[in-house]
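# Provide a 3D model corresponding to the input given below.
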Amino acid sequence: MIYLETARLRLRDWEEADLEPFRELNADEEVMTYFPKTLSNDETDMFYRSILSEFQECGFGLYAVEVKENQEFIGFIGFHRANWESDFTPCIEIGWRLKKEAWGKGYATEGAEACLHYGFKELGFREVYSWTADINKPSSKVMSKIGMQFIKTFNHPKVELDSPLSSHVLFQISQK
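Here you go, the predicted model:
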């Protein structure tokens, strides 16, 4: 099923054919620069199953993204229910991960804007959050471009305190 289309992208259900390029995406050290580590095939397979499960439970999730022009899988953009312990969870998170060949083309912004519209208008979300390592300026820039407001900096509880990835920035947007 296709959930959203933009001028250049389709945000759709996952297909089994997406699994291998998804493994490659999560194993790419450059793509995973702002994460504690790359993911093994087994870890990616677990992540894939959790994405499918969230769709079954909620009717939304991290949508597989393909370029309309050539139907190429380039990663994911979408929503996730975050429920780890903090002062802003549980909440709906918007996130994205695209292969490096898709960077710098505005795909993350284009897809995330469409997701926010869909989330507010069709899914009834009242507010959506996003966060990333403070040093991940490209993702912070996307958050600002899609209208999210900086809320605060915090230490992510799932990242070691002495890691350069511990300090995170939190952004939020509310339905208008």
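# Number of residues surrounding residue 62?
Applying other C-beta atoms under 10 Å, we find 26 residues neighbouring residue 62. (Glycine included, C-beta is placed from N, CA and C.)
# biggest strand in this protein by residues?
Secondary structure assigned by DSSP state E gives strand 72-82 as the longest strand of the chain.
# angle of the helix or strand that it is followed by against strand 72-82?
Moving toward the C-terminus from strand 72-82, the next helix or strand (DSSP states H and E) is strand 91-98. Calculated by axes from the mean of the first three to the mean of the last three C-alpha atoms, to 10 degrees, strand 91-98 forms an angle of 160 degrees with strand 72-82.
# for the following helix or strand past strand 91-98, the distance to its chain's centre please.
Next in sequence after strand 91-98, counting helices and strands by DSSP H and E, comes helix 107-121. Chain-centre distance of helix 107-121: 11 Å, with C-alpha atoms, centre = their mean, to the nearest Å.
# ditto for stretch 148-159
From the chain centre to the centre of stretch 148-159 is a distance of 15 Å (C-alpha atoms, centre = their mean).
# cool, and stretch 31-47?
The chain centroid and the centroid of stretch 31-47 are separated by 13 Å under C-alpha atoms, centre = their mean.
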